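Undergrad: Got a sequence here, can you model it:
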Amino acid sequence: MSNLQKKNLRKSRNPRAAILKSIAIKASAPFLAAFSSRGPYIRACSILKPDIVAPGVGIVAGYTKLASMTGYEDDNRFQMYNILSGTSMACPHATAAAAYVKVIPS
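TA: Below you'll find the predicted structure:
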């Protein structure tokens, strides 16, 4: 939360937020990460396609100061943020998208 948001939150006795309905657009993504699921697997039909995909490559994320940037003992670089990739990096985006869809009446 930004300092401005905190300041505004402290000013109000009854802070409120609104989730507004957006307009659907069709846009193509530049690429799908190699580690992402692409749909039904020919040899195992039980592996289904994802209904929602989220960015999971090169995400700037908060990082612990309890571990170095690489995790190696001789690496003494410690930062508050790191650029990471993986399924877990897409999870907050997918969760937000699911929550957004859930609150908008159809």
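Undergrad: Please report how far the closest residue to Ile59 other than its chain neighbours lies from Ser68.
TA: In space, and not counting its chain neighbours, Ile59 is closest to Met89: 4.1 Å by Cβ to Cβ, 6 or more residues apart in numbering. Quick note: C-beta positions are derived from backbone N, CA and C, even for glycine. Met89 is 19 Å from Ser68, where distance means Cβ to Cβ, to the nearest Å.
Undergrad: Please report phi then psi for His93.
TA: When read as degrees, to the nearest 10, the backbone of His93 gives phi -70, psi -50.
Undergrad: can you check Ile83 too?
TA: Torsion angles at Ile83 (phi, psi; degrees, to the nearest 10) stand at phi -100, psi 120.
Undergrad: Could you do Tyr81 as well?
TA: As for Tyr81, its main-chain torsions (degrees, to the nearest 10) stand at phi -130, psi 160.
Undergrad: and what of Gly86?
TA: Dihedral angles of Gly86 (phi, psi; degrees, to the nearest 10) stand at phi 150, psi 170.
Undergrad: before we move on, what about the one 3 residues further on?
TA: For Met89, the backbone dihedrals (degrees, to the nearest 10) come out as phi -70, psi -20.
Undergrad: close enough to count as contact, it and Gly56?
TA: Yes: between Met89 and Gly56 a contact is recorded at 4.6 Å, counting by Cβ atoms under 8 Å.
Undergrad: any idea of the mean pLDDT in the one helix or strand Ala99 maps to?
TA: Assigned by DSSP states H and E, Ala99 falls within helix 87-103. Here helix 87-103 scores 81 as its mean pLDDT.
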